[in-house]
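Student: Predicted model and sequence follow; I will ask about them next.
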Amino acid sequence: MNKNNKLYIYNTIASSKELFKPIEGNRVLMYVCGITAYDLSHIGHARAYITFDIIYRYLKRLGYDVIYVRNFTDIDDKIIKRANEENTAVSSISAKYIDEYHKDMNALSVLPPTYEPRATETIKEMIDLIKGLIDKGHAYEKDGDVFFRVNSYKGYGKLSHKNIGELLAGARIPLNEEKENLLDFALWKRSKQGEPSWDSPWGKGRPGWHIECSAMSMKFLGETIDIHGGGSDLIFPHHENEIAQSESYTGKKFVNYWIHNGFVNINNEKMSKSLKNFITVRDLLERYHPEVIRLFFMFTHYRSFIDFSFEGLESAKHSLMRLYQAINLYKGFKDKVDKGNIKINYLNRETEEIKDFNNDFYDAMNDDFNTPSALSVIFNLVRKINKIINDSLLSGFINHNDLNFLDEALLFISLVSDIFGILKANPELFIETNLKDISKISLTEEEIQAFIEKRNMLRQKREYKMADEIRNMLLEKGVLLEDSNYGTTFKIIN
RNA sequence: GGCGGCAUAGCCAAGUGGUAAGGCAAAGGUCUGCAAAACCUUUAUACCUCGGUUCAAAUCCGAGUGCCGCCUCCA
């Protein structure tokens, strides 16, 4: 762990952590590859965009002025295929799924980037880029298709740490007669019957996939940017190709820091459409609070693959509850202090210092955004908060130093919650609503309340046996009763 | 076939040279008519195996085993 208060980022191209230094002053130029809009987003997308959301939020917290671009691929084979299947326009498919994506991201509290360009809005820039590449001998046209000449770029493979020979040996792509080299990739594709197309110097056609990110990155951020991110599956060939075409065109370094998030697996296997084991964000949001999903991902470092499981989600849910309970406990406690039910004593006593937790937290985050480690700091802090409050509740006194620590601790937690995008709900409400899902059982809320009242009458008469019978009966139906000083509440169990 | 990653308690998961964070679960305690909830406390002495380097290794090096990913669209 680094103790020098500086941010280190794991750079894929260097295969190691590097000190982060922006190109210019406090400004950070960040580009993250967005989705291809042809279907609902799945939990893999959720992980990727939550990861970069936290990076975005954290960089801003460090005082950087971040210009964040995240694109939409709205022209592509899969979208065309989907449009044909549904007998509708390509643009209506992409518009629909961009809209659905926004709904999902919004629900997950993923902040909107500074710019969200679409490929089809950047055709002109792409054509200019391709023209430039042809002029410089890095690309060639063949019957309306344009390919990038991989052999013309000597650094090819530097990101994915492969060399052209290895790639050729392992290639599984069928040989395309029109290409000079198996590894050459399409910059421009001539249009086929019934496909959307744009005019170009090479006839009607549409862009290849890789060129759009180079064009959009340059359009909004310039020729060299600080951070470029995406899922680890994009390292090859997508990002490798982006580097080749961008650097061949500008003669400058394209990206300083490459950040890639690990994959989401299900039962230890990659999630994919062909295995039919993917879970949509939409489905997950029906079962879990968005903050539970965020916390679930944060419990694993962003670069590790994560094995998705409902057990893991349940665990995250209980963890989140623990955080909310502590906030709630503090609120109730402050109320008691304000009302004079807890007396403040002004003896000088050693107490915890918030700055220790603060330092540990930033050390963790500065170490390549180590959220699991940062979370452990928060849970340690929560234990201290609970302990101080419970001790005071028993004794009726709170030391003024401890009280001050509590106030600072809660302020710190609220700052952390801005970075993580959690703990934004009303604690009392969150705890209540997350435990009550009446739809799962055969009783109505009114019926349950009636039983609770009946039982409490019996309890007042000390007829505990009958009271317990009601409690057991409700438990069999999935309703668990909880008695407290404030009355009896219930929650639904599975 | 080539390249790369991972292997830490019942489960999940940090830690990458100085003697094992945290979460969930479990057990004990406080509270309660009893429970539940909440909170507190406790919970790894072979960190996959074998060998090596070092005063010191989960951490570095070598070999092996197992799992996974990339080399095809993919977050």
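Tutor: Nice, I can see it. All of these numbers come straight from a predicted model, not from anything done at the bench. Numbering: from 1, shown residues only, chains lettered A, B, ... in the order given.
Student: in chain A, which ranges drop under the pLDDT threshold?
Tutor: A:1-4, A:173-177, A:434-439, A:486, A:494 (pLDDT under 70).
Student: Domain parsing of it, as residue ranges.
Tutor: Under automatic domain parsing, the residue ranges defining each domain of chain A are A:9-287, A:310-433, A:436-492.
Student: okay if I get those as a markdown table plus mean neighbour count and distance to RNA strand B?
Tutor: Just so you know, the C-beta spots here come from the backbone N, C-alpha and C atoms, and that holds for glycine as well. Formatted as a markdown table, the domains of chain A follow (neighbours: other Cβ atoms under 10 Å; distance: least, Cβ to the nearest atom of the strand, whole Å):
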| stretch | mean neighbour count | distance to RNA strand B |
| --- | --- | --- |
| domain A:9-287 | 18 | 2 |
| domain A:310-433 | 16 | 3 |
| domain A:436-492 | 14 | 3 |
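Student: Just send those back as a markdown table, with distance to residue A:302 too.
Tutor: Shown next, in a markdown table, are the domains of chain A (distance: least, Cβ to Cβ, whole Å):
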| stretch | distance to residue A:302 |
| --- | --- |
| domain A:9-287 | 4 |
| domain A:310-433 | 6 |
| domain A:436-492 | 31 |
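Student: Dump stretch A:355-375 to PDB, keeping only the CA atoms.
Tutor: Taking C-alpha atoms only, stretch A:355-375 is exported to PDB below (Å, rounded to 0.1, in the frame of the first residue of the first chain):
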ATOM      1  CA  LYS A 355      -7.900  11.200  10.400                       C
ATOM      2  CA  ASP A 356      -6.500   7.700  10.800                       C
ATOM      3  CA  PHE A 357      -9.500   6.200   9.100                       C
ATOM      4  CA  ASN A 358      -9.400   9.000   6.600                       C
ATOM      5  CA  ASN A 359      -5.800   8.200   5.700                       C
ATOM      6  CA  ASP A 360      -6.400   4.500   5.500                       C
ATOM      7  CA  PHE A 361      -9.300   5.000   3.200                       C
ATOM      8  CA  TYR A 362      -7.400   7.200   0.800                       C
ATOM      9  CA  ASP A 363      -4.400   4.900   0.900                       C
ATOM     10  CA  ALA A 364      -6.600   2.100  -0.200                       C
ATOM     11  CA  MET A 365      -8.300   4.100  -3.000                       C
ATOM     12  CA  ASN A 366      -5.000   5.500  -4.100                       C
ATOM     13  CA  ASP A 367      -3.800   2.000  -4.500                       C
ATOM     14  CA  ASP A 368      -5.500   1.300  -7.900                       C
ATOM     15  CA  PHE A 369      -8.900   2.000  -6.600                       C
ATOM     16  CA  ASN A 370      -8.900  -0.800  -4.000                       C
ATOM     17  CA  THR A 371     -12.500  -0.700  -2.900                       C
ATOM     18  CA  PRO A 372     -12.500  -3.900  -0.900                       C
ATOM     19  CA  SER A 373      -9.700  -2.500   1.200                       C
ATOM     20  CA  ALA A 374     -11.400   0.900   1.500                       C
ATOM     21  CA  LEU A 375     -14.600  -0.800   2.600                       C
END
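Student: Pull the residues that contact it.
Tutor: Applying Cβ atoms under 8 Å, 6 or more residues apart in numbering, the contact partners of stretch A:355-375 are A:1-3, A:5-10, A:17, A:54-55, A:58, A:295, A:298-303, A:376-378, A:380-381, A:409, A:412, A:416, A:419-420.
Student: Repeat that for stretch A:97-107.
Tutor: Stretch A:97-107 is contacted from outside by A:35, A:37-41, A:45-46, A:49, A:72, A:74, A:112, A:118, A:281-282, A:285, A:290, using Cβ under 8 Å, 6+ apart.
Student: hang on, residue A:329 packs against residue A:387?
Tutor: No - the pair residue A:329 / residue A:387 is not scored as a contact, 10.8 Å apart, by Cβ atoms under 8 Å.
Student: quick one: the helices in the stretch 201-350 of chain A?
Tutor: Secondary structure of the stretch 201-350 of chain A (DSSP state H, counting those that start in this stretch): helices at A:209-221, A:240-250, A:281-287, A:290-298, A:310-338.
Student: want to throw those into TSV with distance to residue A:25?
Tutor: Below are the helices of the stretch 201-350 of chain A laid out as TSV (distance: least, Cβ to Cβ, whole Å):
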stretch	distance to residue A:25
helix A:209-221	15
helix A:240-250	22
helix A:281-287	36
helix A:290-298	30
helix A:310-338	36
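Student: which one of those lies closest to residue A:151?
Tutor: helix A:240-250 (10.4 Å; Cβ to Cβ).
Student: Show me what that closest one is in contact with.
Tutor: For helix A:240-250, the external contacting residues (Cβ under 8 Å, 6+ apart) are A:129, A:132-133, A:136, A:138-139, A:148, A:150, A:152-153, A:155-160, A:185, A:187, A:210-211, A:213-214, A:217-218, A:223-224, A:228, A:253-255.
Student: do that again at 7 Å, thanks
Tutor: If you take Cβ atoms under 7 Å, 6 or more residues apart in numbering as the criterion, helix A:240-250 is touched by A:129, A:132-133, A:136, A:138, A:148, A:150, A:152-153, A:155-157, A:159-160, A:185, A:210-211, A:213-214, A:223, A:253-254.
Student: again with stretch A:462-481
Tutor: Residues outside stretch A:462-481 that contact it (Cβ under 7 Å, 6+ apart): A:440-443, A:448, A:451-452, A:454-455, A:458-459, A:488, A:490-493.
Student: Now find how far off-centre that stretch is within its chain.
Tutor: Here stretch A:462-481 is found 43 Å from its chain centre; the criterion is Cα atoms, centre = their mean, to the nearest Å.
Student: where's residue A:408, which helix or strand?
Tutor: helix A:400-420 (DSSP states H and E).
Student: Between helix A:290-298 and that helix, find me the angle.
Tutor: 90 degrees (axes from the mean of the first three to the mean of the last three Cα atoms, to 10 degrees).
Student: which outside residues touch helix A:400-420?
Tutor: By Cβ under 7 Å, 6+ apart, the surrounding residues in contact with helix A:400-420 are A:54, A:57-58, A:61, A:294, A:298, A:327, A:330, A:337, A:344-346, A:349, A:351-352, A:354, A:357-358, A:361, A:378, A:381, A:385, A:388, A:423-424.
Student: likewise stretch A:204-214?
Tutor: Counting by Cβ under 7 Å, 6+ apart, A:33, A:71, A:73, A:75-76, A:119, A:122-123, A:126, A:129-130, A:144, A:185-191, A:195-198, A:238, A:241-242, A:245-246 sit against stretch A:204-214.
Student: Any chance you could list what contacts the strand or helix carrying residue A:448?
Tutor: Residue A:448 belongs to helix A:445-460 when elements are defined using DSSP H and E. Applying Cβ under 7 Å, 6+ apart, the external contacts of helix A:445-460 come out as A:438, A:466, A:467, A:470, A:471, A:474, A:479, A:481, A:488, A:490.
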